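Colleague: Sequence and predicted model, in that order:
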Amino acid sequence: MKGLGSVISLLIVALIAAMIYKYFLTSGQSVGATTPVATIDAVGAQNDLIAIGQAERMYQVQNGKYASLDELVSDGTMQMRKPNRKGYTYEVDASDQSFQATATCTSPPLPGCHNYSLDQTMTVQIAP
């Protein structure tokens, strides 16, 4: 009888461990991302937008206006290691008073791929 109780206890512990594993594995993905790789690419694109935003702030302080992505890179304010991340391309629309950086899903869009944007408020949002 003692052996049967140990087996049942072991099965209960294994079931609880499996449920915890499943919960943490699925809760870490970004909204709409379908695979861990898609999640990594989406988070990477959002981080790239934040880096672009920080470079825009530095450029604006030094020059009194915001700049295009090409100007940021050629000026040396920003060093982009990857001009395009897998599944995303970047674009910046800048004026003297504002900017909007956009990470756009490449064509054809990957499943669960969202466009993201960031402006001078430094808030990453899902773009239409």
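Modeller: Received, thanks.
Colleague: ok, the helix or strand hosting residue 100: who's next to it in the sheet?
Modeller: For residue 100, the element it lies in under DSSP states H and E is strand 99-105. With DSSP bridges as the test, strand 99-105 is paired with strand 88-94 (antiparallel), strand 115-119 (antiparallel).
Colleague: Enumerate every residue touching residue 125.
Modeller: 116, 117, 118 (C-beta atoms under 8 Å, 6 or more residues apart in numbering). In this view, the C-beta of every residue, glycine as well, is placed from N, C-alpha and C.
Colleague: Which stretches in the chain count as helices?
Modeller: Counting by DSSP state H, one finds helices in the chain at the ranges 2-27, 36-63, 69-75.
Colleague: wait, which of the ones you listed is closest to residue 103?
Modeller: helix 36-63 (4.1 Å; C-beta to C-beta).
Colleague: Count residues in the vicinity of residue 102, would you?
Modeller: As a burial measure, residue 102 scores 19 neighbours (other C-beta atoms under 10 Å).
Colleague: Tell me the spacing between it and residue 46.
Modeller: 12 Å (C-beta to C-beta, to the nearest Å).
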